[in-house]
Each structure stands twice: as structure tokens, then as C-alpha cells.
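structure here, sequence nowhere to be found:
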């Protein structure tokens, strides 16, 4: 499925015009809790391999609770915990997840008709919506998963904000609206 989404497929905008392409994506490279509990380790190397084969389209991502800037890049030359080189090296995107989670939380609070509001697709499932309230800031202001809640939707939307920032979308000119039919 992910391969299909990244394979230069076109998607329609809100005017049903087919022009949107997946231009940039980020993939969590530090996950793998289930595999860790089974003694296998994380899937970081697997993510690095996938992203290396999709250069220019997808970056491996590592979230950090504090950083001096919203995001930064680190060059990775070896697979984690080994001396095995990554062919051609790899760029790891690091992001201040506290900054982006605060931004997402703030956008969710904006009234739907106001500028800057966060919108969800009309076909959003109840499970997806519940995952959007799966984390809360602790006493230090760091976001933590609420016990026994899945947070995949929350993380995906945080990653969307990071990818949009990396691409500089807020500086893109707005597309022209198609002429109204009479």
C-alpha cells in the first residue's frame, strides 16, 4: 500500500482537480516496540533501507522532545549498532516533536471555519478520531501517550506538519480557484 501511495500517483484536490502528488513524506525510524519486547530490536535498519530506495520522496525521522530549532538533518553512514555502511549514506530528519505536537493541539482548538483550523477527512473513522486525543502534555510540557491508547493518527498528523514545514508549504502561493460554473 505504501509503495502505491509513493509511486507518483495523482490525488484530487478539494475542487476535484487531479494534480496533487506525494512530494515528501517522513517515516518513524525509531519505532519497533513490539519487536523489542520479542528480543529482535527496532526496525530502524529496515526503515533506513526503505527510505534509501525512495530518496527524495521519503526521509527517515527521529522525534526529539527538545531542540534549538523545529527540525534539523543528520547524515547517517552506518546501520545502528554496527560498522555496516549504508550505501550512499542517508539523511535522517530530526524534529522537535514538542513544538509540532503543540502546534497540532493549537490547530485542533481553532474553530473549523477559521484560518489555521485542523480538518479531518469526512470519512474519518471513530478510531482515528479517538487517536487524535491519545496524548497529553505532562507537567514539564512534554507530550505523553495516555495509558492504553493507540496514537498512530496523532503521530501521522504531527509528521504531516513536519513534512509541510520541511517543504516550506506555508510559503507556497495559493493555487487559483477554478472558474465557477453558472
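Looks like it came in fine. Quick caveat: nothing in here was measured; it's all calculated off a predicted structure.

output the lowest mean pLDDT helix or strand found in this protein.
Counting by mean pLDDT, DSSP states H and E, the weakest-scoring helix or strand in the chain turns out to be helix 33-37, with a mean of 48.

which stretches of the protein form helices?
The residue ranges that make up the helices of the chain, judged by DSSP state H, are 2-6, 33-37, 44-52, 97-109, 126-131, 152-167.

ok, residue 23 - contacts?
By Cβ atoms under 8 Å, 6 or more residues apart in numbering, the residues touching residue 23 are 57, 167. Any C-beta I mention is one placed from the backbone N, CA and C, and that applies to glycine too.

quick one on the thing from earlier: quick one: which of the helices of the chain is nearest residue 22?
The closest approach between residue 22 and any of the helices of the chain, judged by Cβ to Cβ, belongs to helix 2-6 at 5.7 Å.

now the helices of the chain in JSON lines, with distance to residue 77?
JSON lines is the format used below for these (distance: least, Cβ to Cβ, whole Å):
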{"stretch": "helix 2-6", "distance to residue 77": "24"}
{"stretch": "helix 33-37", "distance to residue 77": "24"}
{"stretch": "helix 44-52", "distance to residue 77": "11"}
{"stretch": "helix 97-109", "distance to residue 77": "25"}
{"stretch": "helix 126-131", "distance to residue 77": "35"}
{"stretch": "helix 152-167", "distance to residue 77": "21"}
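
mean pLDDT for these: which is lowest?
Of all the helices of the chain, mean pLDDT reaches its minimum on helix 33-37 (a mean of 48).

what's the closest non-adjacent residue to the residue nearest the centre of the chain?
Nearest to the geometric centre of the chain sits residue 159, at 1.8 Å (Cα atoms, centre = their mean). Once flanking residues are discounted, residue 159 sits nearest to residue 26: 4.8 Å by Cβ to Cβ, 6 or more residues apart in numbering.

pretty sure that neighbour sits against residue 162.
Yes: at 5.8 Å, residue 26 and residue 162 qualify as touching, with contact defined as Cβ atoms under 8 Å.

coming back round to it: which of the helices of the chain sits closest to residue 60?
In terms of Cβ to Cβ, the element of the helices of the chain nearest to residue 60 is helix 44-52, at 4.6 Å.
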